[in-house]
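Undergrad: A structural model of the following input is requested.
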Amino acid sequence: MTRPSFNRSISLECRDARLSSDAGALLLREVVERTGLLPWLGGHLHDPRNPLFVQWPLAQLVLTRVLLLALGWRDQADVARLQHDPVVRTAASLQRGCMPAREGSLPSQASLSRLSTMLSPRAQRGRLNEALTVVTGRIYAG
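TA: Predicted coordinates:
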């Protein structure tokens, strides 16, 4: 039995039963955790939103979008379909604990669209490119 470092309450086992067709989300989330991508982005991306009205932290929006893209879910509307997938919800959650992330714990398509708008200025795109370089270096450094 293996436990990922991003949420030690999760245990991974090989079984015939299928909870999700996107179990790779847990592996991707572990890579994100071990490379320190989210703290790095949090320190380098500008979040122009008023903190009083923020429902989804920038880190969770970015994590959700990265996971969905890596899993092959290119359309932002796909997130509505994945609200019922406990593996994707847990992998995209910033919460750590014994309970899997509840249904409705993924940002909506509208929130992901606003993220795209927020990350589209040249300075933000430059920081995202820099993040790829940093993460790649950390992966190869071991």
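Undergrad: quick one: low-confidence parts of this structure?
TA: Scanning the chain for pLDDT under 70 picks out the ranges 1-3, 7-19, 97-102, 142.
Undergrad: which stretches of it form strands?
TA: Remark: no strands are assigned in the chain by DSSP state E.
Undergrad: tell me the helices in it, going along the chain?
TA: In the chain, the helices defined using DSSP state H lie at 24-35, 37-44, 58-70, 78-82, 86-92, 109-119, 122-141.
Undergrad: Contacts only, for the residue nearest to the spatial centre of the chain.
TA: Nearest residue to the geometric centre of the chain (C-alpha atoms, centre = their mean): residue 63, 2.2 Å. By C-beta atoms under 8 Å, 6 or more residues apart in numbering, the residues touching residue 63 are 29, 32, 38, 92, 94. Just so you know, the C-beta spots here come from the backbone N, C-alpha and C atoms, and that holds for glycine as well.
Undergrad: Equivalent analysis for residue 134, please.
TA: For residue 134, the contacting residues are residue 40, by C-beta under 8 Å, 6+ apart.
Undergrad: Residue 20 reaches residue 85, doesn't it?
TA: Yes: Residue 20 lies in contact with residue 85 (C-beta atoms under 8 Å); the separation is 5.1 Å.
Undergrad: Now residue 87: closest residue in space that isn't a chain neighbour?
TA: Setting aside the residues directly before and after it, residue 87 is nearest to residue 20 in space (C-beta to C-beta, 6 or more residues apart in numbering), at 3.7 Å.
Undergrad: correction: residue 94
TA: residue 60 (5.1 Å).
Undergrad: Give the burial count for residue 120, as a bare number.
TA: By other C-beta atoms under 10 Å, the residues close to residue 120 number 9.
Undergrad: Also the one 10 residues further on?
TA: Neighbouring residues of residue 130 were enumerated by other C-beta under 10 Å; the total is 13.
Undergrad: try residue 110
TA: 11.
Undergrad: That one: what's it in contact with?
TA: Listed by C-beta under 8 Å, 6+ apart, residue 110 has no contact partners.
Undergrad: Check the gap between it and residue 31 for me.
TA: Residue 110 is 28 Å from residue 31, where distance means C-beta to C-beta, to the nearest Å.
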